[in-house]
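S.K.: I need the structure of the sequence given here:
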Amino acid sequence: MRKPVVAIVGRPNVGKSTMFNRIVKKRIAIVDDTPGVTRDRNYSDVTLGDKTFSLIDTGGFEPVKEDGLMSQIREQAQLAIEEADVIIFLTDGAEGLTQSDKEMADFLRKSSKNIILAVNKIDDKKHEERILEFHELGFKDIVPVSAEHNIGIGNLLDTISNYLPQFEAEEMPADIIRVAVIGRPNVGKSSLINKLLGRKRLLVSEIPGTTRDSIDTALEVDGKKYLFIDTAGIRKKHRVSQKLEKYSVIMALKSIERCDIAVILLDANDGITEQDAKIASYANEAGKGCIIAINKWDSINKDNTTTGLYVNFIRERFKFLSYAPIIFISAKTGQRINNILPAIENVFSEYSKKLPTPKLNKIFQDIVKDRPPPSFKGKFIKFYYITQVTAKPPSFKIIVNHPEGVGVSYERYIHHKLRENFNFEGTPLRLFFREREGR
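M.R.: Below is the predicted model of the structure:
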């Protein structure tokens, strides 16, 4: 089962980002919040007691005001209706109930989602009377809060918790590879999925996924099994308009969460957009195996330098995905589509790889010997040993006398040398530097 999604919605300037930061930083432990390249993160996986959910600040995805406030509000509400399990409808108690609030409430009421009306900027008891007018919106759960002053947040969290199931990790057969094709609207996700499903010798079955109206598609090719995540969500046309391309990032999150391998699809005609970079960085941060597929390659005028120039451009823009293989395809013509499944198989093998500790330490000793670490505050850095603690992605614990003294540059060097010796194509690596116990 996937983690439920909780979305914060509301008109601009009611305090959505402040509320997001308050919930994330207070009483809730951030789960898997690996530092990455995303500077304007708008989501976080969080836990509340024995329950886990993904929190999304839709305000971070608000489009430029091209066609008026009400259009923004309707689009944001539509996104929440389609993607969230619980909606925090945030309003401004200091300003009072507005026509914009009523418009958004009308949209939200049409859904079957659990909606919590949070009236913000209720900074003390004497201001609680401000919430009375909000009762006319007709929502069962109305919680007065002050995100800025941390008032009422506990009650809000308790209300959220009432709607959350206990999270259980999704269990899949060990021999099946879970794949998500992710990317912006119109880059060709639907065409690629359909081309793969239409191949001869494929045994295809559609099975209910863990999300509402979602269909996962199981494929078996030459005895190898794949599960393509939420193919219904990819293949259907979302009701939200194309100008909401920024929201495609949110839509990618649920698929990324459930997959082993993310096929990041780009449009050869568009270069790399901000949303491409966001989606790709989320896959990297989530620790998923990654493949970069450049679609619509048939539409590009090429000479013998074109492919190399594209590769260099992608490597420059996606420095955080330097490990990911790049495939140039055309979902329309089928060009190189037959390279997709072998690439998935290869990346999954690297993603799942576990190294024997003796061999790993022998190589690691040579890595350190070839380039000893610089000193830290006048003290020598001494590495004792390395061990792989998990796979998917490969993660390593390195015991060292001064973990804080291992700089970013030397950590990059270790990353590079581990890949040089053990390949790890298509998979991120995680390094954790720890002191010896008992020190």
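S.K.: per-residue pLDDT of residue 335, please?
M.R.: As predicted, residue 335 sits at a pLDDT of 93.
S.K.: no, scratch that, I was asking about residue 385
M.R.: Residue 385 is assigned a pLDDT of 96 by the prediction.
S.K.: report the contact partners of it.
M.R.: Taking C-beta atoms under 8 Å, 6 or more residues apart in numbering, we find residue 385 in contact with 357, 361, 364, 398, 399. For every residue, glycine as well, the C-beta is placed using N, CA and C.
S.K.: let's see the ChimeraX selection covering just the buried ones among the residues you listed.
M.R.: In ChimeraX, a selection of the buried entries from these looks like this (16 or more other C-beta atoms under 10 Å):
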select :361,364,398,399
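S.K.: list just the nearest of the contacts of residue 385 to residue 281.
M.R.: Taking C-beta to C-beta as the measure, residue 281 lies nearest residue 398 of the contacts of residue 385, at 24.8 Å.
S.K.: which strand or helix spans the closest one?
M.R.: When elements are assigned from DSSP states H and E, residue 398 belongs to strand 395-400.
S.K.: what packs against that strand?
M.R.: In terms of contacts (3 or more C-beta pairs under 8 Å, 6 or more residues apart in numbering; DSSP states H and E), strand 395-400 is packed against strand 383-390, strand 430-434.
S.K.: what about the helices in the stretch 51-200 of the chain?
M.R.: 69-83, 99-109, 153-162, 189-197 (DSSP state H, counting those that start in this stretch).
S.K.: now the first one: mean pLDDT?
M.R.: Okay, so that is helix 69-83. The average pLDDT within helix 69-83 is 66.
S.K.: ok so, going back, could the helices and strands packed on strand 395-400 go into a markdown table alongside distance to residue 144?
M.R.: Output for the helices and strands packed on strand 395-400, formatted as a markdown table (distance: least, C-beta to C-beta, whole Å):
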| stretch | distance to residue 144 |
| --- | --- |
| strand 383-390 | 44 |
| strand 430-434 | 42 |
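S.K.: what's the closest of these to residue 83?
M.R.: Of the helices and strands packed on strand 395-400, nearest to residue 83 by C-beta to C-beta is strand 430-434, at 28.4 Å.
S.K.: for the strand holding residue 398, the averaged confidence score.
M.R.: pLDDT averaged over strand 395-400 gives 97.
S.K.: what lines up beside it in the sheet?
M.R.: Applying DSSP bridges, strand 395-400 is found paired with strand 383-390 (antiparallel), strand 430-434 (parallel).
S.K.: point out the one among those that comes closest to residue 15.
M.R.: Residue 15 sits nearest to strand 430-434 of all the strands paired with strand 395-400, at 34.8 Å, using C-beta to C-beta.
S.K.: run through who's touching that closest one.
M.R.: Strand 430-434 has contacts (C-beta under 8 Å, 6+ apart) with 34, 287, 389, 393-400, 403, 406, 411, 414-415.
S.K.: send me that strand as PDB with only the CA atoms.
M.R.: Output in PDB follows, covering the C-alpha atoms of strand 430-434 (Å, rounded to 0.1, in the frame of the first residue of the first chain):
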ATOM      1  CA  ARG A 430      24.500   6.200  -0.300                       C
ATOM      2  CA  LEU A 431      27.500   6.700   2.000                       C
ATOM      3  CA  PHE A 432      27.200   7.000   5.800                       C
ATOM      4  CA  PHE A 433      30.300   8.000   7.800                       C
ATOM      5  CA  ARG A 434      30.200   6.800  11.400                       C
END
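S.K.: mind checking the pLDDT average for it?
M.R.: In this model, strand 430-434 has a mean pLDDT of 96.
S.K.: just the buried residues of it, please?
M.R.: Using 16+ other C-beta under 10 Å as the test for burial, strand 430-434 gives 431, 433.
S.K.: off-centre distance for that strand?
M.R.: 22 Å (C-alpha atoms, centre = their mean, to the nearest Å).
S.K.: out of the helices and strands packed on strand 395-400, nearest to residue 376?
M.R.: Within the helices and strands packed on strand 395-400, the stretch nearest residue 376 is strand 430-434; the backing value is 11.6 Å (C-beta to C-beta).
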